[in-house]
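> Got a sequence here, can you build the structure:
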Amino acid sequence: MWKSAIILILPVAFIVHGQDYGNLDNLGERISAQVRHQLAPLDGLGERINAQVQNDLRPMQVNLQNRLRDLEGLGGERISSQVRHQLAPLDGLGERINAQVQNDLRPMQVNLQNRLSDLEGLGDRISQKVHQNLEPVRAIELNFKMKDGVGGSTIATHSPGGRQFVIKNHRTYTCASPIDLTTGQCSNLISFKITLSSPKSDWCYIQSYSIINNQVCLSTGSVSIQAFNNQVNCKSFYDEPLLKIDLEDYKRLCAGVRESTEYRYIPDLNDDRHVEIPNENRYVKCENRQKDLCVFRERNDLLDSAMSSGPGGVFIQSRVNY
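Now for the predicted structure:
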(Lines give C-alpha, C1' and ligand atoms only; values in the text may rest on other atoms or scores of the structure.)
Protein backbone atom coordinates (compact mmCIF):
# COMPACT_ATOMS: atom_id res chain seq x y z
CA MET A 1 0.00 0.00 0.00
CA TRP A 2 1.53 3.30 -1.07
CA LYS A 3 1.19 6.37 1.05
CA SER A 4 1.48 9.85 -0.35
CA ALA A 5 -0.21 13.19 -0.11
CA ILE A 6 -0.88 15.33 -3.15
CA ILE A 7 -2.59 18.69 -3.27
CA LEU A 8 -3.26 20.12 -6.69
CA ILE A 9 -4.63 23.64 -7.07
CA LEU A 10 -5.97 24.49 -10.48
CA PRO A 11 -6.59 28.22 -10.97
CA VAL A 12 -9.13 29.41 -13.50
CA ALA A 13 -6.48 30.27 -16.04
CA PHE A 14 -4.39 27.11 -15.57
CA ILE A 15 -4.25 26.11 -19.22
CA VAL A 16 -3.42 28.73 -21.85
CA HIS A 17 -6.15 31.15 -20.77
CA GLY A 18 -4.92 34.56 -19.82
CA GLN A 19 -1.31 34.00 -20.91
CA ASP A 20 0.53 37.30 -21.19
CA TYR A 21 2.67 37.45 -24.30
CA GLY A 22 3.40 41.15 -23.84
CA ASN A 23 7.07 40.37 -23.03
CA LEU A 24 7.54 39.39 -26.67
CA ASP A 25 6.33 42.74 -27.96
CA ASN A 26 9.09 44.77 -29.66
CA LEU A 27 11.55 41.92 -29.10
CA GLY A 28 13.34 42.74 -32.35
CA GLU A 29 13.78 46.39 -31.48
CA ARG A 30 15.12 45.55 -28.01
CA ILE A 31 17.71 43.08 -29.38
CA SER A 32 18.82 45.52 -32.10
CA ALA A 33 19.21 48.30 -29.56
CA GLN A 34 21.29 46.02 -27.31
CA VAL A 35 23.56 45.05 -30.24
CA ARG A 36 24.03 48.70 -31.22
CA HIS A 37 24.81 49.61 -27.61
CA GLN A 38 27.48 46.89 -27.30
CA LEU A 39 29.07 47.83 -30.64
CA ALA A 40 29.08 51.57 -29.92
CA PRO A 41 32.74 51.57 -28.69
CA LEU A 42 33.79 50.43 -32.20
CA ASP A 43 32.25 53.45 -33.93
CA GLY A 44 35.01 55.61 -35.45
CA LEU A 45 37.73 53.26 -34.17
CA GLY A 46 39.94 53.81 -37.22
CA GLU A 47 39.68 57.58 -36.96
CA ARG A 48 40.51 57.51 -33.26
CA ILE A 49 43.62 55.33 -33.81
CA ASN A 50 44.72 57.62 -36.68
CA ALA A 51 44.37 60.71 -34.47
CA GLN A 52 46.29 59.01 -31.65
CA VAL A 53 49.15 58.07 -34.01
CA GLN A 54 49.31 61.60 -35.34
CA ASN A 55 49.35 62.97 -31.80
CA ASP A 56 52.12 60.57 -30.70
CA LEU A 57 54.29 61.37 -33.77
CA ARG A 58 53.98 65.13 -33.49
CA PRO A 59 56.65 65.61 -30.70
CA MET A 60 59.12 63.40 -32.59
CA GLN A 61 58.63 65.34 -35.83
CA VAL A 62 59.12 68.66 -34.03
CA ASN A 63 62.23 67.30 -32.28
CA LEU A 64 63.74 66.10 -35.57
CA GLN A 65 63.12 69.43 -37.24
CA ASN A 66 64.79 71.26 -34.33
CA ARG A 67 67.85 68.96 -34.39
CA LEU A 68 68.13 69.40 -38.12
CA ARG A 69 68.24 73.16 -37.72
CA ASP A 70 70.85 72.87 -34.91
CA LEU A 71 73.10 70.60 -36.96
CA GLU A 72 72.88 72.72 -40.07
CA GLY A 73 74.56 75.56 -38.15
CA LEU A 74 77.49 73.47 -36.88
CA GLY A 75 80.05 73.64 -39.61
CA GLY A 76 79.11 74.56 -43.10
CA GLU A 77 77.42 73.01 -46.03
CA ARG A 78 79.38 69.70 -45.92
CA ILE A 79 78.15 68.80 -42.44
CA SER A 80 74.70 70.15 -43.29
CA SER A 81 74.56 68.03 -46.44
CA GLN A 82 75.77 64.95 -44.57
CA VAL A 83 73.21 65.48 -41.83
CA ARG A 84 70.40 65.89 -44.32
CA HIS A 85 71.54 62.72 -46.14
CA GLN A 86 71.51 60.70 -42.88
CA LEU A 87 68.18 62.11 -41.85
CA ALA A 88 66.57 61.65 -45.27
CA PRO A 89 64.94 58.30 -44.28
CA LEU A 90 63.06 60.18 -41.58
CA ASP A 91 61.42 62.56 -44.05
CA GLY A 92 57.69 61.89 -44.19
CA LEU A 93 58.01 59.22 -41.48
CA GLY A 94 54.79 60.36 -39.81
CA GLU A 95 52.86 60.21 -43.08
CA ARG A 96 54.27 56.74 -43.88
CA ILE A 97 53.39 55.39 -40.44
CA ASN A 98 49.95 56.94 -40.75
CA ALA A 99 49.45 55.35 -44.19
CA GLN A 100 50.63 51.98 -42.84
CA VAL A 101 48.24 52.22 -39.88
CA GLN A 102 45.38 53.10 -42.23
CA ASN A 103 46.31 50.15 -44.46
CA ASP A 104 46.50 47.78 -41.47
CA LEU A 105 43.16 49.03 -40.16
CA ARG A 106 41.32 48.72 -43.47
CA PRO A 107 40.67 44.91 -43.26
CA MET A 108 39.44 45.31 -39.69
CA GLN A 109 37.16 48.18 -40.70
CA VAL A 110 35.80 46.14 -43.62
CA ASN A 111 35.30 43.15 -41.30
CA LEU A 112 33.49 45.32 -38.76
CA GLN A 113 31.25 46.75 -41.46
CA ASN A 114 30.44 43.23 -42.66
CA ARG A 115 29.74 42.11 -39.09
CA LEU A 116 27.49 45.11 -38.53
CA SER A 117 25.72 44.34 -41.79
CA ASP A 118 25.14 40.75 -40.62
CA LEU A 119 23.79 42.00 -37.27
CA GLU A 120 21.47 44.50 -38.89
CA GLY A 121 17.92 43.26 -38.37
CA LEU A 122 19.08 40.38 -36.16
CA GLY A 123 16.59 41.33 -33.47
CA ASP A 124 13.73 41.38 -35.97
CA ARG A 125 14.74 37.96 -37.32
CA ILE A 126 14.86 36.47 -33.81
CA SER A 127 11.53 38.08 -32.95
CA GLN A 128 9.95 36.63 -36.09
CA LYS A 129 11.35 33.16 -35.33
CA VAL A 130 10.03 33.28 -31.75
CA HIS A 131 6.63 34.39 -33.03
CA GLN A 132 6.54 31.51 -35.54
CA ASN A 133 7.52 28.95 -32.91
CA LEU A 134 4.79 30.19 -30.58
CA GLU A 135 2.05 29.98 -33.21
CA PRO A 136 0.80 26.55 -32.03
CA VAL A 137 0.56 27.85 -28.44
CA ARG A 138 -1.28 30.97 -29.58
CA ALA A 139 -3.63 28.78 -31.62
CA ILE A 140 -4.56 26.85 -28.45
CA GLU A 141 -5.31 30.14 -26.72
CA LEU A 142 -7.44 31.31 -29.67
CA ASN A 143 -9.25 27.97 -29.72
CA PHE A 144 -10.19 28.37 -26.05
CA LYS A 145 -11.36 31.91 -26.70
CA MET A 146 -13.64 30.71 -29.50
CA LYS A 147 -15.01 27.85 -27.39
CA ASP A 148 -15.76 30.35 -24.62
CA GLY A 149 -17.42 32.81 -27.01
CA VAL A 150 -14.92 35.58 -26.22
CA GLY A 151 -15.65 38.66 -28.30
CA GLY A 152 -18.67 37.07 -29.95
CA SER A 153 -21.04 34.11 -29.68
CA THR A 154 -20.42 30.38 -29.88
CA ILE A 155 -23.10 27.79 -30.58
CA ALA A 156 -22.15 24.44 -29.00
CA THR A 157 -24.04 21.42 -30.34
CA HIS A 158 -23.36 18.18 -28.46
CA SER A 159 -23.71 14.80 -30.14
CA PRO A 160 -25.32 12.32 -30.05
CA GLY A 161 -27.69 13.98 -27.57
CA GLY A 162 -28.19 17.03 -29.81
CA ARG A 163 -28.42 19.57 -26.98
CA GLN A 164 -27.41 23.13 -27.90
CA PHE A 165 -26.01 26.01 -25.89
CA VAL A 166 -25.02 29.59 -26.63
CA ILE A 167 -21.74 30.69 -25.04
CA LYS A 168 -20.91 34.39 -24.66
CA ASN A 169 -17.75 35.62 -22.95
CA HIS A 170 -17.32 32.47 -20.81
CA ARG A 171 -21.02 32.26 -19.85
CA THR A 172 -23.21 29.40 -21.04
CA TYR A 173 -26.90 29.87 -21.89
CA THR A 174 -29.81 27.78 -23.07
CA CYS A 175 -32.50 29.13 -25.39
CA ALA A 176 -36.25 28.91 -25.25
CA SER A 177 -36.39 29.19 -29.04
CA PRO A 178 -34.33 27.80 -31.94
CA ILE A 179 -30.86 29.33 -32.28
CA ASP A 180 -29.99 31.27 -35.44
CA LEU A 181 -26.91 29.41 -36.68
CA THR A 182 -25.65 32.45 -38.63
CA THR A 183 -25.85 35.01 -35.82
CA GLY A 184 -25.92 32.93 -32.64
CA GLN A 185 -29.01 34.82 -31.53
CA CYS A 186 -32.14 33.44 -29.94
CA SER A 187 -34.92 34.73 -27.76
CA ASN A 188 -35.10 34.19 -24.04
CA LEU A 189 -31.47 33.40 -23.14
CA ILE A 190 -31.37 31.48 -19.87
CA SER A 191 -28.15 31.07 -17.90
CA PHE A 192 -27.16 27.41 -17.65
CA LYS A 193 -26.66 26.35 -14.03
CA ILE A 194 -26.42 23.00 -12.32
CA THR A 195 -28.43 22.59 -9.13
CA LEU A 196 -29.35 19.71 -6.86
CA SER A 197 -32.47 19.13 -8.93
CA SER A 198 -30.64 19.11 -12.28
CA PRO A 199 -30.45 15.83 -14.19
CA LYS A 200 -27.15 14.11 -13.53
CA SER A 201 -26.49 14.03 -17.28
CA ASP A 202 -26.10 17.84 -17.18
CA TRP A 203 -22.63 17.18 -15.77
CA CYS A 204 -21.65 15.73 -19.15
CA TYR A 205 -21.66 19.27 -20.57
CA ILE A 206 -19.16 20.51 -18.00
CA GLN A 207 -15.67 20.67 -19.47
CA SER A 208 -13.71 21.73 -16.40
CA TYR A 209 -12.36 18.55 -14.81
CA SER A 210 -9.50 16.70 -13.17
CA ILE A 211 -8.76 12.99 -12.92
CA ILE A 212 -6.78 11.30 -10.20
CA ASN A 213 -6.69 7.53 -9.68
CA ASN A 214 -9.62 7.04 -12.07
CA GLN A 215 -11.75 9.49 -10.09
CA VAL A 216 -13.16 12.40 -12.10
CA CYS A 217 -13.79 15.74 -10.41
CA LEU A 218 -16.14 18.02 -12.34
CA SER A 219 -16.96 21.61 -11.49
CA THR A 220 -18.43 24.68 -13.13
CA GLY A 221 -15.37 26.55 -11.79
CA SER A 222 -11.86 25.54 -10.73
CA VAL A 223 -11.12 22.51 -8.56
CA SER A 224 -8.64 21.51 -5.87
CA ILE A 225 -7.84 17.83 -5.51
CA GLN A 226 -6.36 15.98 -2.57
CA ALA A 227 -5.17 12.39 -2.61
CA PHE A 228 -4.08 10.73 0.62
CA ASN A 229 -3.71 7.01 1.24
CA ASN A 230 -5.58 6.31 -1.98
CA GLN A 231 -8.49 8.51 -0.86
CA VAL A 232 -9.49 11.26 -3.32
CA ASN A 233 -11.22 14.45 -2.21
CA CYS A 234 -12.40 17.22 -4.53
CA LYS A 235 -13.17 20.77 -3.54
CA SER A 236 -14.52 23.61 -5.68
CA PHE A 237 -13.78 27.29 -5.23
CA TYR A 238 -16.41 29.90 -4.43
CA ASP A 239 -18.90 27.12 -3.60
CA GLU A 240 -19.31 26.18 -7.27
CA PRO A 241 -21.25 22.93 -7.86
CA LEU A 242 -19.03 19.87 -7.77
CA LEU A 243 -19.30 16.22 -8.74
CA LYS A 244 -16.89 13.38 -8.03
CA ILE A 245 -17.52 10.33 -10.18
CA ASP A 246 -15.66 7.18 -11.14
CA LEU A 247 -14.26 7.35 -14.68
CA GLU A 248 -16.14 4.29 -15.86
CA ASP A 249 -19.38 5.63 -14.40
CA TYR A 250 -18.77 8.91 -16.24
CA LYS A 251 -18.35 7.04 -19.50
CA ARG A 252 -21.61 5.14 -18.99
CA LEU A 253 -23.41 8.39 -18.07
CA CYS A 254 -22.09 10.56 -20.91
CA ALA A 255 -21.36 8.28 -23.88
CA GLY A 256 -24.91 8.72 -25.18
CA VAL A 257 -25.02 12.44 -24.38
CA ARG A 258 -21.72 14.04 -25.44
CA GLU A 259 -19.27 12.05 -27.49
CA SER A 260 -18.30 15.13 -29.45
CA THR A 261 -19.18 18.81 -29.78
CA GLU A 262 -19.52 21.08 -32.79
CA TYR A 263 -18.58 24.69 -32.12
CA ARG A 264 -19.71 27.57 -34.34
CA TYR A 265 -17.87 30.74 -33.40
CA ILE A 266 -19.35 34.02 -34.68
CA PRO A 267 -17.14 37.02 -33.83
CA ASP A 268 -18.60 40.38 -32.89
CA LEU A 269 -16.50 42.74 -35.04
CA ASN A 270 -17.31 45.62 -32.68
CA ASP A 271 -15.70 43.80 -29.76
CA ASP A 272 -11.92 44.28 -29.57
CA ARG A 273 -11.56 40.86 -27.93
CA HIS A 274 -12.91 38.90 -30.92
CA VAL A 275 -10.85 36.33 -32.81
CA GLU A 276 -10.25 37.20 -36.46
CA ILE A 277 -11.77 34.67 -38.86
CA PRO A 278 -10.07 33.63 -41.05
CA ASN A 279 -7.05 33.92 -38.77
CA GLU A 280 -3.46 34.59 -39.83
CA ASN A 281 -2.34 31.81 -37.48
CA ARG A 282 -2.21 28.70 -39.69
CA TYR A 283 -2.81 26.44 -36.68
CA VAL A 284 -6.30 27.86 -36.14
CA LYS A 285 -8.36 25.28 -37.99
CA CYS A 286 -11.89 25.89 -39.25
CA GLU A 287 -13.85 23.32 -41.22
CA ASN A 288 -15.62 26.00 -43.24
CA ARG A 289 -14.27 28.76 -45.48
CA GLN A 290 -16.71 31.57 -44.68
CA LYS A 291 -15.49 34.86 -43.32
CA ASP A 292 -16.45 35.68 -39.72
CA LEU A 293 -17.52 32.11 -38.94
CA CYS A 294 -15.37 29.26 -37.63
CA VAL A 295 -16.79 25.75 -37.33
CA PHE A 296 -14.73 23.11 -35.55
CA ARG A 297 -15.34 19.89 -33.61
CA GLU A 298 -13.81 18.23 -30.58
CA ARG A 299 -14.26 14.84 -28.98
CA ASN A 300 -15.08 14.40 -25.33
CA ASP A 301 -11.58 13.39 -24.30
CA LEU A 302 -12.76 11.93 -20.99
CA LEU A 303 -14.45 9.16 -22.95
CA ASP A 304 -11.08 8.28 -24.47
CA SER A 305 -9.25 8.36 -21.13
CA ALA A 306 -7.81 5.17 -19.70
CA MET A 307 -6.34 6.39 -16.42
CA SER A 308 -4.86 4.13 -13.80
CA SER A 309 -2.39 4.35 -10.94
CA GLY A 310 0.17 1.70 -10.24
CA PRO A 311 1.68 0.92 -6.84
CA GLY A 312 3.43 3.93 -5.39
CA GLY A 313 2.20 6.38 -8.02
CA VAL A 314 -0.62 8.72 -8.91
CA PHE A 315 -1.70 9.88 -12.36
CA ILE A 316 -3.35 13.26 -12.64
CA GLN A 317 -4.88 14.89 -15.68
CA SER A 318 -6.60 18.25 -15.61
CA ARG A 319 -8.42 20.66 -17.82
CA VAL A 320 -9.85 23.93 -16.55
CA ASN A 321 -12.13 26.28 -18.45
CA TYR A 322 -13.54 29.58 -17.37
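
> confidence score at the closest residue to residue 26 other than its chain neighbours?
Nearest residue to residue 26, sequence neighbours excluded (CB to CB, 6 or more residues apart in numbering): residue 127, at 8.0 Å. C-beta: built from backbone N, CA, C; applies to glycine. Listed pLDDT for residue 127 reads 77.

> Residue 304 now?
Residue 304 is given a pLDDT of 90.

> Check the gap between it and residue 48 for me.
Residue 304 is 70 Å from residue 48, where distance means CB to CB, to the nearest Å.

> Those two - which one has more neighbours?
Per other CB atoms under 10 Å, whichever of residue 304 and residue 48 has more neighbours is residue 48, with 12 against 9.

> Can you show me the strands along this structure?
For the chain, the strands defined by DSSP state E cover 5-9, 152-160, 164-168, 171-175, 189-191, 209-212, 215-219, 223-228, 231-236, 242-246, 258-267, 294-299, 316-319.

> With mean neighbour count added, can I get those strands in CSV?
Compiled in CSV, the strands of the chain are given as follows (neighbours: other CB atoms under 10 Å):
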stretch, mean neighbour count
strand 5-9, 12
strand 152-160, 19
strand 164-168, 20
strand 171-175, 17
strand 189-191, 12
strand 209-212, 22
strand 215-219, 23
strand 223-228, 18
strand 231-236, 16
strand 242-246, 17
strand 258-267, 20
strand 294-299, 16
strand 316-319, 15
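
> Quick one: those strands as CSV, columns for distance to residue 58 and mean pLDDT too.
As requested, the strands of the chain are arranged in CSV below (distance: least, CB to CB, whole Å; pLDDT from 0 to 100):
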stretch, distance to residue 58, mean pLDDT
strand 5-9, 75, 37
strand 152-160, 77, 97
strand 164-168, 81, 96
strand 171-175, 82, 94
strand 189-191, 89, 93
strand 209-212, 81, 88
strand 215-219, 85, 92
strand 223-228, 80, 81
strand 231-236, 85, 88
strand 242-246, 88, 94
strand 258-267, 74, 97
strand 294-299, 76, 97
strand 316-319, 77, 55
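
> Rebuild these as CSV, extending it with distance to residue 69.
Shown next, in CSV, are the strands of the chain (distance: least, CB to CB, whole Å):
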stretch, distance to residue 69
strand 5-9, 92
strand 152-160, 93
strand 164-168, 98
strand 171-175, 99
strand 189-191, 106
strand 209-212, 98
strand 215-219, 102
strand 223-228, 97
strand 231-236, 102
strand 242-246, 105
strand 258-267, 91
strand 294-299, 93
strand 316-319, 94
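
> The ones you listed: which one's closest to residue 137?
strand 316-319 (16.1 Å; CB to CB).

> Enumerate every residue touching residue 268.
151-153, 274 (CB atoms under 8 Å, 6 or more residues apart in numbering).

> Return the member of those nearest to residue 196.
residue 153 (29.6 Å).

> who's in contact with residue 297?
Going by CB under 8 Å, 6+ apart, residue 297 touches 260-263, 287.

> now it: how far from residue 207?
Distance from residue 297 to residue 207, by CB to CB: 14 Å.

> Repeat that for residue 194.
13 Å.

> How about residue 241?
Taking CB to CB, one finds residue 241 at 14 Å from residue 207.
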